[in-house]
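*Asks:* Pasting a predicted model and its sequence here:
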Amino acid sequence: MKVTGLLQRTVLFPFGLGLIVFLLRVCPAKAQGSTGGKPPEGLGAYAAGIFTAQPSSTEGALTLLLPIGARGIGMGRAVTATAGRESVFWNPAGLARLEDGSFSVYRGNHLAGEATGFSLILARQPLGAIAVSYQLLDLGDQDLRGQDGTVLGSVSFRDHLAVVSFGLQVIPRLDTGLNFKVFQSRITCRGQCTDAGVTGTTYALDAGIQGAPIPEIPLRVGVLLAHVGPSLQLINAQQADPLPTRLRAAVSYEGLRHFTDREGLELWVNAEMEDRWRDLGDPILYLGAEFLAGEDDLFFLRAGYGQQQSGQTAGASVGLGLRYQRFELGVAKRVSGSSLTGESEPVHISFGVVF
């Protein structure tokens, strides 16, 4: 029995929209304010303890480790073996089989700061897909004070990330992808400043593959080497920090086929391992799941669960998504409180138009 369009419009979509409104009301965005003379806190610990392997104290450009997109966040980052439009930020091989272009906007508040991004994807088969993406991470501002406490100026902290992605199907069951990224960390000062600030720029590559190795079995595998590039230099060459290069390997399997033969229903279960490229041997585990209902118009429910480097619980996440005609909407959030503040994280939202 198929999930009909009438069921989607009268039950699934109203339920999804109602849940979106509920999440937005009960999970307001965390306000960003002045730090009173101290740099904005939470970036390193957030990247280390919540979503990623704990980086060494000498790694730079830690904002490269922060997750982007409601789908990936809702599935607990276990998306390296998953194809889709958010693959520009996770594994560019997932772009290889896209049939249509799209423009997507991403918005979310991390403990590190407020993130805003967009992605433009152009697809033409069998040539593959190319994408241009950008994210601004606003890490907050601080007051610059004199010895008597008088405010002399304001220092702002911003990280910029630009990405050019390409995905290509090389053989029927193997896709490849490449990201070229430009990352810039910028500290600027306005007012009575002793200098104009500090800017550091570096470049990085992501190289990934995805495949379906066994015919007739809905199993996908993915491998990604992420953030490979020269060290980030903010002050001088002696104090330059290496990028947080990561190796990820994942599998994705559709398991609902063992319980029902209804068309228009799928349940993909994902598992992913991530490790430091420069210090292999202590991987962390991410688990994720995505249930989808529908054929042309789709409704998604997502959940994820992750670990820290030490194996301690990093927390669970949930999300939902809607695809109606040429519009796509996703929301996600972590359901456990932050280990830093004890507060709940705000909602992350993705919105896209397919053309």
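*Replies:* Thanks, I have the structure now.

*Asks:* Touching, Gly60 and Ser231? I think so.
*Replies:* Yes - between Gly60 and Ser231 there is a contact under Cβ atoms under 8 Å: 6.5 Å. (Glycine included, C-beta is placed from N, CA and C.)

*Asks:* list the residues that contact both of these two?
*Replies:* 202, 240-243 (Cβ atoms under 8 Å, 6 or more residues apart in numbering).

*Asks:* Can you name every helix or strand that the longest strand along the chain contacts?
*Replies:* Secondary structure of the chain per DSSP state E: the longest strand is strand 151-171. When contacts are defined as 3 or more Cβ pairs under 8 Å, 6 or more residues apart in numbering; DSSP states H and E, strand 151-171 packs onto helix 87-90, strand 128-145, strand 174-191.

*Asks:* so what strands line up beside that strand?
*Replies:* Note on strand 151-171: by DSSP bridges, its sheet partners are strand 128-145 (antiparallel), strand 174-191 (antiparallel).

*Asks:* Show me which parts of the first one are buried, residue by residue.
*Replies:* Of the residues in strand 128-145, 128-131, 133, 135, 137-144 count as buried by neighbour count, 16 or more other Cβ atoms under 10 Å.

*Asks:* Return the member of the shared contacts of Gly60 and Ser231 nearest to Glu216.
*Replies:* Closest approach between those and Glu216, by Cβ to Cβ: Leu243, at 40.3 Å.

*Asks:* In this structure that closest one contacts Ser231, no?
*Replies:* Yes - under the criterion of Cβ under 8 Å, Leu243 makes contact with Ser231 at 6.8 Å.

*Asks:* what do these two both touch?
*Replies:* What both Leu243 and Ser231 touch, as defined by Cβ under 8 Å, 6+ apart, is the set 60, 202.

*Asks:* More neighbours: which of those two?
*Replies:* Leu243 (25 against 16; other Cβ atoms under 10 Å).

*Asks:* which residue lies farthest from the center of the chain?
*Replies:* Asp148 (43.0 Å; Cα atoms, centre = their mean).

*Asks:* before we move on, what SS does that one have?
*Replies:* What DSSP: H, G, I helix; E, B strand; the rest coil gives for Asp148 is coil.

*Asks:* What segments of the stretch 151-300 of the chain are strands?
*Replies:* Secondary structure of the stretch 151-300 of the chain, counting by DSSP state E, counting those that start in this stretch: strands at 151-171, 174-191, 197-211, 219-228, 246-254, 265-276, 284-294, 298-307.

*Asks:* To Ser119, which of those strands lies closest?
*Replies:* Closest to Ser119 of the strands of the stretch 151-300 of the chain, according to Cβ to Cβ: strand 151-171, at 8.1 Å.

*Asks:* what's the angle from the closest one to strand 197-211?
*Replies:* Going by axes from the mean of the first three to the mean of the last three Cα atoms, to 10 degrees, strand 151-171 is angled at 20 degrees with respect to strand 197-211.

*Asks:* Let me see the mean pLDDT of strand 151-171.
*Replies:* Strand 151-171 carries an average pLDDT of 93.

*Asks:* What strands line up against the helix or strand Tyr106 falls within, and which way round?
*Replies:* Tyr106 belongs to strand 102-109 when elements are defined using DSSP states H and E. Strand 102-109 sits in its sheet next to strand 114-124 (antiparallel), strand 348-354 (antiparallel), going by DSSP bridges.

*Asks:* Give me the distance from the longest strand of the chain to the chain's centre.
*Replies:* Strand 151-171 sits 12 Å away from the centroid of its parent chain (Cα atoms, centre = their mean, to the nearest Å).
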